[in-house]
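Undergrad: Just the structure for this:
(one chain, ligands or ions: 1)
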Amino acid sequence: MNYRHEFHAGNAPDVFKHVVLLQLVRRLQQKPAPLCYVDTHAGRGRYALDYGGAVRSREFQRGIARLWPARDAADLPPALADYLARVAELNTSGVLATYPGSPRLVRSVLRPDDRMILCELQPAEVAALRDEFSARTEHGPRRDPQVAIHQRDGYEALAALLPPTPRRGLVLIDPPYERPDEFAAALAGVELARRRWPQACTALWYPIKGPLAPTLLHAAVLRSGLRDVLCVELRTRPDDPAVLSGSGLLLVGAPWQTDTALRALLPPLAALLAEDEFPGDARVDWLVAP
Ligand code: SAM
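TA: Numbers count the residues shown, from 1 in each chain. Prediction:
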């Protein structure tokens, strides 16, 4: 496995995914009952933007770095201001040097009774995750009691760990799409998560490189029998099979009125992230109605 998320952290698809993820958690938290967040492909939790892969790829310059200057703008949609405030918590000097991965972002808004379960396969990323979620004390490191970290295959974990306690919650499936069969494996993961934990919302992220792969994925969803599938996509460049022009999320069983909230939230995000002459494109469509 060659994939290293540090090259991509904070790029436009990452920002889109994290803005929607935060929105889902916030909506679930409108009810007082506790929730569990399950991240099948967790990554390392936080990423340096001032050295290593991020400096070499510069992808974050076309993502979070474009939003960062707007973080105090009075006309920012509240959900974008909320997301940027979470990023700012890691960059208190005002210089953008650190980006929160999905585990750190969600952890920053968990309530005392909420939990999270993180799965990751690469040993170096797992070590970084363990470090991220433990505090140094005089008696040695103390693990964050709200966070469980598993070094294991995220798809296998769905069968082994679902349903968790508490029974309300959210699954994020965010694979690297290195395997040729990853779209099929990811969709099978969504179906498994829905079977084992139907009360939860399941979110699947996918890349858009030309129209073919998303079209095939959507067709497979329609054949699958899944219901209550909201398709959310954000493009920041014109369609081109050679480059990542955008990304999408399939949200299965999303909290009530997520569609309405995202229809208001995503067009301004697309406008902020769009490149060159492309105006940006945000789509929120029911693939299968609730
Ligand atoms: N969810 C993270 C975030 O938003 O910050 C980013 C995850 S990154 C796109 C995908 C991660 O999955 C990588 O860290 C990679 O090492 C890990 N990975 C790859 N195959 C895996 C598998 N089968 N099970 C669990 N993790 C895997």
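
Undergrad: Apart from its chain neighbours, what residue comes closest to the closest residue to the ligand within the chain?
TA: Scanning the chain for proximity to the ligand using CB to the nearest ligand atom identifies Gly101 as nearest, at 2.8 Å. Heads up, the C-betas are built off the backbone N, CA and C, glycines and all. Counting by CB to CB, 6 or more residues apart in numbering, Gly101 lies nearest to Gly43, which is 4.5 Å off, once chain neighbours are set aside.

Undergrad: Would you map the strands across the stretch 1-150 of the chain?
TA: According to DSSP state E, counting those that start in this stretch, the stretch 1-150 of the chain carries its strands in the segments 36-39, 46-48, 98-100, 115-120, 134-137, 140-143, 147-151.

Undergrad: so who does the residue of the chain closest to the ligand touch?
TA: Neighbouring residues of Gly101 by CB atoms under 8 Å, 6 or more residues apart in numbering: 5, 9, 42-47.

Undergrad: returning to that earlier point: state the phi and psi torsions of the residue nearest to Gly101.
TA: Backbone torsions for Gly43, taken as degrees, to the nearest 10, come to phi 70, psi -160.

Undergrad: any idea how far it is from Arg142?
TA: 23 Å (CB to CB, to the nearest Å).

Undergrad: okay, those two: which has more neighbours?
TA: Remark: of Gly43 and Arg142, Gly43 carries more neighbours, 26 against 10, as counted by other CB atoms under 10 Å.

Undergrad: burial count for Arg152?
TA: 15.

Undergrad: Could you do the one 4 residues further on as well?
TA: The local packing count at Glu156 equals 14, with neighbours defined by other CB under 10 Å.

Undergrad: Check which element follows the helix or strand that contains it along the chain.
TA: Assigned by DSSP states H and E, Glu156 belongs to helix 154-161. Scanning forward in sequence from helix 154-161 by DSSP H and E, the next helix or strand is strand 169-173.
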